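1. Just to be clear, the model below is a prediction. Sequence and coordinates:
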Amino acid sequence: MSDPSETPRERTVPASPPSRGLIRDLLLAAAGGLAVLILGLLAVSLGWIDGRRERTSPSADAARPVAYFQPPPPSAIPDGPDGDAIRRGEALFMNTPANAAAFTGNSLSCVNCHLDGGRRANASPMWSAWGLYPMFRAKNGRINTMEDRIMGCFTFSMNAQASSSGGPPPAGHDVYRDLQAYMHFLATAAPSGVEMPGGGYPKVAQPAQGFDPVRGARVFAANCALCHGEDGQGRVNANGQPVFPPLWGPQSYNWGAGMARINTAAAFIKTNMPLGQTGRLSDQEAWDVAAFINSHERPKDPRQTGSVEDNARRNHTGGKTYYGQVVNGRLLGGGVR
Ligand code: HEC
Ligand code: HEC
């Protein structure tokens, strides 16, 4: 698919610490019984154990530290109706299935891909997104307001077709008001109409060896399975709340999502995974593991009305997705529920 708006933007690659919310979840999960495993992961995440290797990427080596925009702390949320909306928006962002239950068809939350509550640079932060809309998107061929953009996230990343309402929040719904109030708050005093350093996911050029899900399976086993599970289905805590989100299958993002594209997933993964060990993977490993993840079946692309082949021709050209491709003798894209 030749969709420039889905191509992650070029950025430099710094390391950032794990979120406090994550550490809390890890501790909760530890209390739930996975103690040894989880404490080990926590140690790695916090840098108690240095899991890093030499970086091999010349682009990463050339990266200079950038002074990123600092969104205001939660303590700056005002009292009154504005503050109430910001808090509701934050709750929607952090735990979407619980707070937008009627419109969420999987177990993901916005924060799973926009880390630290949409605050973290190079994890497509909301403070950089806010000032870029309205913006033309090739994905739907029109000017998108921020509401349209969020509707897209519900449609694809949150797989709204499998929700109880059968789709994303309708236009004008309070879910959009509250999420936008939160984003607007995060972007307090940020410039408007310019791409900010740390916005989007830093693009990773396709390496010389291309991408290969067989190599990616080895990267996954060594670097990802501990948290996301051997079967990629993630892990829940003692209360059944997701601690590590699923990477494929019925509870993950659908075939139409940006993350289902190998280049976009490679960009996210290279800078942000394994969580707490930014820079551990080479560009090649990031592309290979992205290919591995995205060569598994996931919920159907909601734009598919006819056959997979037909939708592949309309919406999945460009060779950076396995949608409509045959892998291990199986045509991918049919969907799982
Ligand atoms: C499965 C991962 C995933 C989830 C979950 C997800 N997103 Fe996204 N989101 C993406 C990707 C990938 C992009 C494209 C990033 C880019 O442009 O580099 C994106 C882009 C965006 C953008 C535009 C960013 C920009 O700079 O233009 C906004 C706004 C956004 N998401 C909001 C949300 C909200 C709100 C939710 C929850 C309702 C959500 N996302 C859930 C992966 C996700
Ligand atoms: C230390 C545990 C840990 C490890 C190891 C780890 N992840 Fe993650 N991953 C997470 C957590 C936690 C999130 C959600 C982040 C949040 O909500 O703050 C996440 C989110 C993701 C997401 C976006 C959400 C989704 O479910 O699609 C992808 C994709 C992903 N990880 C891929 C990987 C890959 C590939 C590897 C191995 C290279 C990896 N992760 C290693 C903990 C981990």
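-> Nice, thanks for sending it over. If you're wondering where the values come from, they're calculated on a predicted model, not measured in any experiment. Ligands and ions are numbered 1, 2, ... in the order given.
2. Please list the residues of the stretch 101-250 of the chain that sit near ligand 1.
-> 108, 110, 112-114, 124, 128-129, 132, 149-150, 153-154, 157-158, 179, 199-201 (C-beta under 6 Å from any ligand atom). C-beta coordinates here come from the backbone N, C-alpha and C atoms, glycine included.
3. Swap in 5 Å and give it another go.
-> 108, 110, 113, 124, 129, 149, 150, 153, 157, 200, 201 (C-beta under 5 Å from any ligand atom).
4. Could you dump these into TSV and include neighbour count and pLDDT?
-> Output for these, formatted as TSV (neighbours: other C-beta atoms under 10 Å; pLDDT from 0 to 100):
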residue	neighbour count	pLDDT
108	24	98
110	23	98
113	21	98
124	23	98
129	21	98
149	19	98
150	24	98
153	20	98
157	25	98
200	23	97
201	26	98
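5. Now the two most distant members of these.
-> Maximum pairwise distance among those (C-beta to C-beta): 19.0 Å, between 108 and 200.
6. hang on, the earlier thing: let me have the residues of the stretch 101-250 of the chain next to ligand 1 in a markdown table, adding secondary structure as columns.
-> As requested, these are arranged in a markdown table below (DSSP: H, G, I helix; E, B strand; the rest coil):
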| residue | secondary structure |
| --- | --- |
| 108 | coil |
| 110 | helix |
| 113 | coil |
| 124 | coil |
| 129 | helix |
| 149 | helix |
| 150 | helix |
| 153 | helix |
| 157 | coil |
| 200 | coil |
| 201 | coil |
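7. Please write out the alpha-carbon positions of the longest helix anywhere in the chain in CSV.
-> Longest helix in the chain, counting residues (DSSP state H): helix 80-94. Taking Å, rounded to 0.1, in the frame of the first residue of the first chain, the C-alpha atoms of helix 80-94 are listed here in CSV:
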residue,chain,number,x,y,z
GLY,A,80,-13.8,21.8,37.0
PRO,A,81,-15.4,20.5,33.8
ASP,A,82,-12.3,20.7,31.7
GLY,A,83,-10.3,18.7,34.2
ASP,A,84,-13.1,16.2,34.4
ALA,A,85,-13.0,15.6,30.6
ILE,A,86,-9.2,15.4,30.6
ARG,A,87,-9.4,12.7,33.3
ARG,A,88,-12.1,10.8,31.5
GLY,A,89,-10.0,11.0,28.3
GLU,A,90,-6.9,9.7,30.2
ALA,A,91,-8.9,6.8,31.6
LEU,A,92,-10.2,6.0,28.1
PHE,A,93,-6.6,6.1,26.8
MET,A,94,-5.2,3.9,29.6
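8. which residues of the stretch 201-337 of the chain score low on pLDDT?
-> For the stretch 201-337 of the chain, no stretch has pLDDT under 70.
9. Kindly report the residues of it close to ligand 2.
-> Going by C-beta under 5 Å from any ligand atom, the residues of the stretch 201-337 of the chain near ligand 2 are 223, 224, 227, 244, 245, 269, 273, 274, 275, 289.
10. Most neighbours among those residues, please name it.
-> residue 289 (31 neighbours; other C-beta atoms under 10 Å).
11. So for residue 162, what's the nearest residue that isn't a sequence neighbour?
-> residue 105 (3.0 Å; C-beta to C-beta, 6 or more residues apart in numbering).
12. Assign a three-state SS to that neighbour, would you?
-> Assignment for residue 105 (three-state DSSP): coil.
13. What distance do you get for it to ligand 2?
-> 14 Å (C-beta to the nearest ligand atom, to the nearest Å).
14. I'd like to know how far that residue sits from ligand 1.
-> 12 Å.
15. do residue 197 as well
-> Counting by C-beta to the nearest ligand atom, the gap from residue 197 to ligand 1 is 13 Å.
16. What's the separation between that residue and residue 68?
-> Noted for residue 197: a distance of 6 Å to residue 68, by C-beta to C-beta, to the nearest Å.
17. count of neighbours near residue 136?
-> Residues lying near residue 136 (other C-beta under 10 Å) number 12.
18. And the one 3 residues further on, by the same measure?
-> With neighbours defined by other C-beta under 10 Å, the count for residue 139 comes to 19.
19. quick one, what contacts the residue nearest to residue 89 when sequence neighbours are not counted?
-> Distance criterion C-beta to C-beta, 6+ apart; nearest residue to residue 89, sequence neighbours excluded, is residue 182 at 2.8 Å. Applying C-beta atoms under 8 Å, 6 or more residues apart in numbering to residue 182 gives the contacts 85, 86, 88, 89, 90, 92, 93, 118, 126.
20. Now the last one. Nearest residue, chain neighbours left out?
-> The shortest distance from residue 126 to any residue other than its chain neighbours is 3.6 Å, reached at residue 118 (C-beta to C-beta, 6+ apart).
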